[in-house]
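> sequence and predicted structure, then a few things I'm wondering about:
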Amino acid sequence: MRPPLKQGSPNDFQTPPQAILPLIPYLNKDWTIWECACGKGNLVKAFEKKGFEVIGTDILRKKDFLTHQPKGFDCIITNPPYSLKQQFLKRAYELKKPFAFLLPLTTFETAKRQELFKKYGLEVILFDKRISFETPNKKGSSSWFATAWFTHGLNIGKQLTFTKFSAKR
């Protein structure tokens, strides 16, 4: 059993709302999005502002993505805890729904994840610069590492997609 996540932990990097913008063209407006590691709800609010129905769950809300599944969702979009990226990817593929996970580029580095990507497929949206996440200590933001949207089932149509990231909304 893994230890519970808590706000302020090394996994508690909140995503800026504008990070969803590259995904919008590939999402069906009729879909209900499951944001399964929603933290404070930045992505939930951003998708709702764009007119999407969203189910926001999080281990802090006693709804663990690895064991819980809500009814009536069409795709999964989240910035998962990076220490659990292998488990989140495996579970997402098992659920057989389209998904997009905002993950560090180091996600490509392990044989286990590469096996998942080979078996099920992967499309990636790469940013032209690093995203500044809200840090656990709540003092500003940080862009310590490069990230990308690791997607499956969104029919992006390219193996790798490059995008510009604007900190402006």
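Good, I have the coordinates.

> starting at the chain centroid, how far to stretch 119-138?
8 Å (CA atoms, centre = their mean, to the nearest Å).

> which SS class is the residue nearest to F127 when sequence neighbours are not counted?
Closest residue in space to F127, ignoring its immediate chain neighbours: F165 at 4.1 Å, by CB to CB, 6 or more residues apart in numbering. For every residue, glycine as well, the C-beta is placed using N, CA and C. With DSSP: H, G, I helix; E, B strand; the rest coil as the basis, F165 sits in coil.

> enumerate every residue touching F165.
Q18, A19, F127, D128, K129, R130, I131 (CB atoms under 8 Å, 6 or more residues apart in numbering).

> now with 10 Å, please.
16, 18-19, 21-22, 126-132, 143, 147 (CB atoms under 10 Å, 6 or more residues apart in numbering).

> using the three-state scheme, assign K158.
coil.

> surely it and E123 touch.
Yes - using CB atoms under 10 Å, K158 is in contact with E123, at 6.6 Å.

> neighbour count: those two, which is higher?
Per other CB atoms under 10 Å, whichever of K158 and E123 has more neighbours is E123, with 20 against 9.

> which residues does that one bridge with?
T151 (DSSP bridges).

> from the contacts of F165, list the buried ones, please.
Among these, the ones that count as buried by 16 or more other CB atoms under 10 Å are P16, A19, P22, F127, I131, S132, T147.

> show me which of the residues you listed is closest to Q69.
A19 (24.4 Å; CB to CB).

> okay then, goodbye and thanks.
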